[in-house]
Every structure is written in C-alpha cells, then in structure tokens.
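[1] Provided below are the primary sequence and the corresponding predicted coordinates.
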Amino acid sequence: MGYVVKEIFKTLQGEGRNAGRASVFCRFVGCNLWTGREADRAGAVCKFCDTDFLGTDGLGGGRFDDAEALADAIEACWAGAAADRFVVFTGGEPLLQLDPTLLTAVRSRGFTAAVETNGTIEPPAELDWVCVSPKAGAPLVARRGDELKLVFPQPGLMPDAVSGLDFTHFWLQPMDGPDRVANTAAAVAHCLAHPQWRLSLQTHKLIGIP
Ligand SMILES: C[S@@+](CC[C@H](N)C(=O)[O-])C[C@H]1O[C@@H](n2cnc3c(N)ncnc32)[C@H](O)[C@@H]1O
Ligand SMILES: Nc1nc2[nH]cc(C(=O)O)c2c(=O)[nH]1
Ligand code: SF4
Ligand SMILES: [Mg+2]
C-alpha cells in the first residue's frame, strides 16, 4: 500500500484545542469533496477550501511505498526528542489514505496521532485525536470524536444541526476568504449567544507561519 503526500512540515498546530502545539503536518494529496482545481471550485461540494492539496511538489512531499517509509519521513521531520511527539494527518481528505498500518508505524515511533477530517469517512480506531469539520451537502459519517470544528457560516449547515453530536469540544472557525472579517464577527456573536461553542482562530495565519 502506497501513500501520495503533498507536503510534510513541522509547525505549531494553529487551530482548535491543540493550537500552539508543536506538530508535524502530513498533508495527503486528494479530496472527495473537491478536485482541487480552481475551475471546479464553484461546482464542488466544498467550495471554500484554503488549501493546495494537488501534486507531490511540496516540502517533503512525494510517493511513499509503504507505511514504514512515510513514518520514517515524519520522524525525520520532527527532528527532536522522543517526548511530546505529535503528528497531524490532513489534506485534502486524509482518510482516503490514512490506515491502521501507518498509524501503528507512527505510534511505534512515539507519536500521538491526530487527524483533520471532513467527516465523510469513518476514522480508524488507532487515532489518538479526531477533529471533524463537517461540510454542508456532504454526508456526515464520523459523528463522534474529540473536537468538532465547524467552518462558519456555511449556508445549509447551521451549528444547531451538529451541536448534539458526541464531541468533547465544539468550535466555530470563521470562514477565511473575502468575508473573513464579517464571518469572524458572526462567529463571535454566535459563541456569545451559544456558549457550547467556542471560537477557533487560524492562529498560524495571524502570525505568518505554515
Ligand atoms: C484543508 S482542511 C483538510 C482536512 C479535511 N479535508 C477537512 O476539511 O477537515 C483543514 C481544515 O481547514 C478548514 N478550512 C478549510 N478552508 C477553510 C477556510 N476557508 N476558512 C476556515 N477554515 C477552513 C477545514 O474545515 C478543516 O478544518
Ligand atoms: N499551522 C497549521 N495548523 C493547521 N491546522 C489545521 C491545518 C490544516 O490545513 O489541516 C493547519 C495548517 O495548515 N497549518
Ligand atoms: S473537504 Fe477539506 S480538503 Fe476537501 S475541499 Fe473541503 S476543506 Fe478542502
Ligand atoms: Mg490549513
């Protein structure tokens, strides 16, 4: 089983409960809700994506023949002590490729393993941290986890529709793009009126790190 990876980089997790934590990000190529091509954006299920997940041309990207090779690359990217190792699998949609074999390989190297997923695919049980970010118009299969991070506002997916699901933390993350300032104000207002929800800012963008 091989893996196709856009990029592998070390940075601080910018979003959600683990914001500020040193992390290796492994970004897989491909998504099931958008082709990744701008020409297809308007017709995609997910239209607001802020990420380039096409090609293997990013830092540390490439094709990895097996789980051991990719886990070795993740460990090399960490380039540090054995304590507090943390890897975030993202994409694109990581659950199109992430499997128990790769999770076992990174965990055997001392990593705590997290995922950022759109919730359309059931996450493997070997994950230590599951962040689900549901998308309007897409089936929500992953209905439990550690954090639910709703990009806000999304026409057709109101917070009330997912606030009863089995998650420990509930975040509203303002949709980045031309309406970011207005979306942030709307998210703040919703959190004030509905304290189950907390604000998640994309802090890496605020401070200019990857
Ligand atoms: C690029 S996605 C990759 C993982 C997965 N496909 C997903 O959607 O959760 C990583 C995170 O960025 C969020 N995101 C994507 N575009 C965004 C935008 N324009 N503004 C705010 N958050 C965004 C997603 O909702 C998700 O929580
Ligand atoms: N610093 C940083 N934090 C992140 N949290 C989720 C990200 C993602 O693209 O999945 C992301 C990202 O791209 N960079
Ligand atoms: S599901 Fe995630 S990776 Fe796919 S287009 Fe939407 S935000 Fe981007
Ligand atoms: Mg990102």
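    Yep, that arrived. Keep in mind that what you see is a predicted model, and the values were worked out from it rather than measured. Numbering: from 1, shown residues only. Ligands and ions are numbered 1, 2, ... in the order given.
[2] ok, and for the longest helix anywhere in the chain, which residues are buried?
    Counting residues, the longest helix found in the chain (DSSP state H) is helix 180-193. Neighbour-count burial for helix 180-193 flags Asn183, Thr184, Ala186, Ala187, His190, Cys191 (criterion: 16 or more other Cβ atoms under 10 Å). From N, CA and C alone the C-beta is placed, and that goes for glycine too.
[3] Is it possible to get JSON lines of the residues you listed that adds distance to Val106?
    Shown next, in JSON lines, are the buried residues of helix 180-193 (distance: Cβ to Cβ, whole Å):
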{"residue": "Asn183", "distance to Val106": "34"}
{"residue": "Thr184", "distance to Val106": "34"}
{"residue": "Ala186", "distance to Val106": "37"}
{"residue": "Ala187", "distance to Val106": "33"}
{"residue": "His190", "distance to Val106": "36"}
{"residue": "Cys191", "distance to Val106": "34"}
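[4] any chance of those residues in CSV, with distance to ligand 1 and pLDDT too?
    Shown next, in CSV, are these (distance: Cβ to the nearest ligand atom, whole Å; pLDDT from 0 to 100):
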residue, distance to ligand 1, pLDDT
Asn183, 8, 98
Thr184, 10, 99
Ala186, 13, 99
Ala187, 10, 99
His190, 15, 99
Cys191, 15, 99
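[5] Adding distance to ligand 2, write those out as JSON lines.
    Shown next, in JSON lines, are the buried residues of helix 180-193 (distance: Cβ to the nearest ligand atom, whole Å):
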{"residue": "Asn183", "distance to ligand 2": "17"}
{"residue": "Thr184", "distance to ligand 2": "17"}
{"residue": "Ala186", "distance to ligand 2": "21"}
{"residue": "Ala187", "distance to ligand 2": "17"}
{"residue": "His190", "distance to ligand 2": "21"}
{"residue": "Cys191", "distance to ligand 2": "19"}
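[6] thinking again about what came up before, which strands and helices lie in contact with the longest helix of the chain?
    Judged by 3 or more Cβ pairs under 8 Å, 6 or more residues apart in numbering; DSSP states H and E, the packing partners of helix 180-193 are strand 144-152, strand 166-174, strand 198-199.
[7] ok, so of the buried residues of helix 180-193, who is nearest ligand 3?
    Proximity of the buried residues of helix 180-193 to ligand 3 (Cβ to the nearest ligand atom) peaks at Asn183, which lies at 14.9 Å.
[8] Can you identify each of the helices in this structure by residue range?
    Going by DSSP H, the chain shows helices at 67-78, 100-108, 180-193, 203-207.
[9] Could you check the angle the first one makes with helix 100-108?
    The one in question is helix 67-78. 40 degrees (axes from the mean of the first three to the mean of the last three Cα atoms, to 10 degrees).
[10] Quick check: mean pLDDT of helix 67-78?
    Taken as a whole, helix 67-78 has an average pLDDT of 98.
[11] now do stretch 42-55
    In this model, stretch 42-55 has a mean pLDDT of 98.
[12] contacting residues around Asp65?
    Gly2 (Cβ atoms under 8 Å, 6 or more residues apart in numbering).
[13] what's the burial count for Ala136?
    17 (other Cβ atoms under 10 Å).
[14] Tell me how many other residues crowd the nearest residue to Ser163 once chain neighbours are set aside.
    What sits nearest to Ser163 in space, not counting adjacent residues and going by Cβ to Cβ, 6 or more residues apart in numbering, is Gln196, at 5.9 Å. Gln196 is flanked by 10 other residues according to other Cβ under 10 Å.
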